[in-house]
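In: Would you be able to build a 3D model of this:
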Amino acid sequence: MNKITDRRNFIKSAGLITAAAALINPVEIFAGNAFGTSRKKGSKKLEMTWKPFDATLRHPFTIANFTRTTTPIVLTEITWDGYTGYGEASLPPYLGETQASVMDFLKKVDLSGFDSPFRIQDIMAYVDSIAINNTAAKAAVDIALHDLVGKIMEQPWWKIWGFNPETTPDTSFTVGLDTEE
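Out: I've put the predicted structure just below:
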């Protein structure tokens, strides 16, 4: 074969693969119980619930301006077709958000217009459009969606994204102040 024929065959093959991939719905593959797992099927509507919770810290946490022994959070659950994804809005004082403000924001989020949790980008664009700021509340929805999709696919996100967990760097952490002892 010459270079032109090779290139034509490659383009044909790539086109067929792309067309086939466009026709495959990830919901049907993963949520269609392709892995043979047993679970109780539920509603095909995305539904979200939340509740406030105070996390008690094992040790007092101190930074320059304050010390705290608890952290208020709001736990979120998004359910779809018998699966549940969990997220949380952690609310340290410097964020300026409260459990009440997070729950007020979450009351405005109506996920019933979405038929698939795999539409994370569309769902989060909608969530972002509801109001500015509210970053902890939005993170709670984002985390719950990713947890839900990972459970449907029966894979942790480091595998979905192709990461090596042994070489993935920490992205953020805070070191609290301690006493000299």
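
In: downstream neighbour of the lowest-mean-pLDDT helix or strand in the chain in the secondary structure list?
Out: The helix or strand of the chain with the poorest confidence is helix 26; it has a mean of 49 (mean pLDDT, DSSP states H and E). For helix 26, the succeeding helix or strand toward the C-terminus, using DSSP states H and E, is strand 47-63.

In: after that following strand comes which helix or strand?
Out: Defined by DSSP H and E, the subsequent element after strand 47-63 is strand 66-80.

In: Can you point out the buried residues in that following strand?
Out: Thr71, Pro72, Ile73, Val74, Leu75, Thr76, Glu77, Ile78, Thr79, Trp80 (16 or more other C-beta atoms under 10 Å). Every C-beta, even on glycine, is put in place using the N, C-alpha and C of the backbone.

In: Surely the third one is in contact with Trp50?
Out: Same thing as Ile73. No. If you go by C-beta atoms under 8 Å, Ile73 and Trp50 don't touch, sitting 10.1 Å apart.

In: still on that earlier bit, between the buried residues of strand 66-80, which is closest to Lys41?
Out: For the buried residues of strand 66-80, the closest approach to Lys41 (C-beta to C-beta) belongs to Trp80, at 10.3 Å.

In: Need the three-state assignment for Ile123.
Out: Following DSSP: H, G, I helix; E, B strand; the rest coil, Ile123 is assigned to helix.

In: Likewise for Thr179?
Out: With three-state DSSP as the basis, Thr179 sits in coil.

In: and it, how far is that from His59?
Out: According to C-beta to C-beta, to the nearest Å, Thr179 stands 11 Å off from His59.

In: So Lys41 sits against Tyr83, correct?
Out: No. Lys41 is beyond contact range of Tyr83, at 9.5 Å (criterion: C-beta under 8 Å).

In: Same drill for these two, tell me which one is more crowded.
Out: Per other C-beta atoms under 10 Å, whichever of Lys41 and Tyr83 has more neighbours is Tyr83, with 20 against 10.

In: Let me know whether the more buried one touches Gly150 as I believe.
Out: No. Counting by C-beta under 8 Å, Gly150 is not a contact partner of Tyr83; they are 9.8 Å apart.

In: what touches both of the two?
Out: The overlap between the contact sets of Tyr83 and Gly150 (C-beta atoms under 8 Å, 6 or more residues apart in numbering) is empty.

In: Report the secondary structure state of Asp128.
Out: When classified by three-state DSSP, Asp128 comes out as helix.
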